[in-house]
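Engineer: Here you go, sequence then predicted model.
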Amino acid sequence: NDRFFVKSYRKLADQAALDLAIDSQIVNLNLEQLATKFMFSDVDRQIIILAIKGIERRTLNDRQVQELIRNRKAGTWYSDFEHLYEAISAASSFLSLLDKIPLSFTSALEAFNRYCDELFEADQHYRHFIAHANIAEASQPLESLRSLIEGYYSTKFLSPLGLAWQQQIDGIENWRIPGIRNQTEFYDAYVKPVIAKGNKLVVVVSDALRYEIAKELGSVIREEDRFDAELSSMLGSVPSYTQLGMAALLPHKQLSFVDSDKGLVVLDGQSTEGTANRAKILEGFGGSAIQWSDFMKLKREESRELIKNSQVLYVYHNQI
């Protein structure tokens with residue numbers, strides 16, 4: 001009952017578990033019998049084994065899995081198995097979501113909105129599973145569950161989602177979805193109205209920031225006392241590669257390709273390759289651009305001066 005004695009407790013419990021052969025005594029107990037036992041780490045190991053089997057065989061529903069893990073968090077040994085428990089939690093949520101969501105759409109707009117409202121969670125659960133499983137594998141492998149989740153993610157989510165989306169965009173002649181802004185409209189929609197009022201704005205362009213990660217980031221920001229966050233989405237430019245995506249976010253009237261193997265993009269005749277060229281484009285609108293790594297090297301007065309002299313500052317960042 002006192003955290004001061006945790007180390008002593010754990011040492012004595014491990015010794016008692018060895019003397020009493022706890023591992024052999026619990027091997028035939030079921031999850032319900034083990035769920036209320038917290039004294040020995042062997043119990044958590046056995047619970048994890050049974051939970052994985054229950055998820056794989058679909059004999060445990062997601063509510064049962066999440067309730068089980070919530071209860072284990074109160075135990076002394078949870079920190080030793082945290083990544084295993086979190087991987088199991090994510091795997092269960094992922095499979096449960098796939099059971100509930102139909103991957104068929106009546107329009108491109110429905111597909112777009114449904115991903116933003118609910119389907120993104122499949123990508124989120126999958127990422128959580130992989131992240132925790134990669135850390136946990138050093139203590140106990142999750143090969144069978146990983147194989148199941150990887151297979152489901154590929155064949156029961158990505159493939160049918162891609163096919164259903166393709167069916168809706170096959171009939172689109174122009175790359176537009178009514179009611180959804182295109183990525184090329186970013187500056188006019190989000191930047192121009194702010195700086196037109198005399199306010200300053202910083203645009204952080206984070207390469208490969210997936211929607212589901214942005215969703216989670218928004219939740220983290222809102223937990224801070226002094227900050228708020230809103231999430232919105234736009235229809236990405238095609239073909240979807242970095243050079244074009246970066247260029248589309250800048251102010252421009254005409255966007256065009258340079259005929260080269262690099263797929264370079266020019267805006268109103270100006271090259272968009274590299275931070276220096278993007279900064280040059282923004283200069284015409286009272287702005288500037290800098291790499292995040294370079295910004296972090298600036299002294300306080302230097303960063304203040306940069307922001308003072310920029311109506312809008314684009315900060316390019318590529319680490320998620």
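Structural biologist: Cool, the structure landed.

Engineer: need the contact list for Phe157.
Structural biologist: If a contact means C-beta atoms under 8 Å, 6 or more residues apart in numbering, then Phe157 has Leu98, Leu103, Ala122, Tyr126 as its contacts. (Each C-beta comes from the backbone N, C-alpha and C, glycine too.)

Engineer: The last one and Ser93 touch, don't they?
Structural biologist: No. Shown here, Tyr126 and Ser93 do not form a contact pair, counting by C-beta atoms under 8 Å, at 9.8 Å.

Engineer: how much space between Leu148 and Pro102?
Structural biologist: Plainly put, Leu148 is 21 Å away from Pro102 if you go by C-beta to C-beta, to the nearest Å.

Engineer: okay, those two: which has more neighbours?
Structural biologist: Higher neighbour count among Leu148 and Pro102: Leu148, with 17 against 8, using other C-beta atoms under 10 Å.

Engineer: Which pLDDT value does the model give the more buried one?
Structural biologist: According to the prediction, Leu148 has pLDDT 96.

Engineer: mind checking how far the closest residue to Arg210 other than its chain neighbours is from Ala133?
Structural biologist: Nearest residue to Arg210 in three dimensions, chain neighbours excluded: Asp123, at 6.6 Å (C-beta to C-beta, 6 or more residues apart in numbering). As defined by C-beta to C-beta, Asp123 lies at a distance of 16 Å from Ala133.

Engineer: Same check on His252?
Structural biologist: Distance check for His252 against Ala133: by C-beta to C-beta, it reads 43 Å.

Engineer: Kindly list the longest helix within this protein.
Structural biologist: Counting residues, the longest helix in the chain under DSSP state H turns out to be helix 78-100.

Engineer: Mind listing what's buried along that one?
Structural biologist: Neighbour counts using 16 or more other C-beta atoms under 10 Å place 81-98 of helix 78-100 among the buried residues.

Engineer: before we move on, what about stretch 166-180?
Structural biologist: Gln168, Ile177.

Engineer: which residues in this structure form strands?
Structural biologist: With DSSP state E, the ranges of strands along the chain come out as 201-206, 255-257, 265-267, 270-271, 287-291, 312-317.

Engineer: partners of the second one in the sheet?
Structural biologist: I take that to be strand 255-257. Each strand that pairs with strand 255-257, with its direction, by DSSP bridges: strand 265-267 (antiparallel).

Engineer: do the fifth one as well
Structural biologist: Partner strands and pairing direction for strand 287-291 (DSSP bridges) are strand 312-317 (parallel).

Engineer: Also the fourth one?
Structural biologist: Taking DSSP bridges as the criterion, strand 270-271 sits next to strand 265-267 (antiparallel) in its sheet.

Engineer: again, but for the first one
Structural biologist: If you go by DSSP bridges, strand 201-206 pairs up with strand 312-317 (parallel).

Engineer: So which residues make contact with the strand it pairs with?
Structural biologist: Contacts of strand 312-317 (C-beta under 8 Å, 6+ apart): 191, 194-195, 200-207, 246, 249-250, 275, 278-279, 282, 285-292, 295, 306-307.

Engineer: Let me know the pLDDT of Asp44.
Structural biologist: The predicted local distance difference test score for Asp44 is 95.

Engineer: Based on its surroundings, how many neighbours for it?
Structural biologist: Other residues near Asp44 number 21, with proximity taken as other C-beta under 10 Å.
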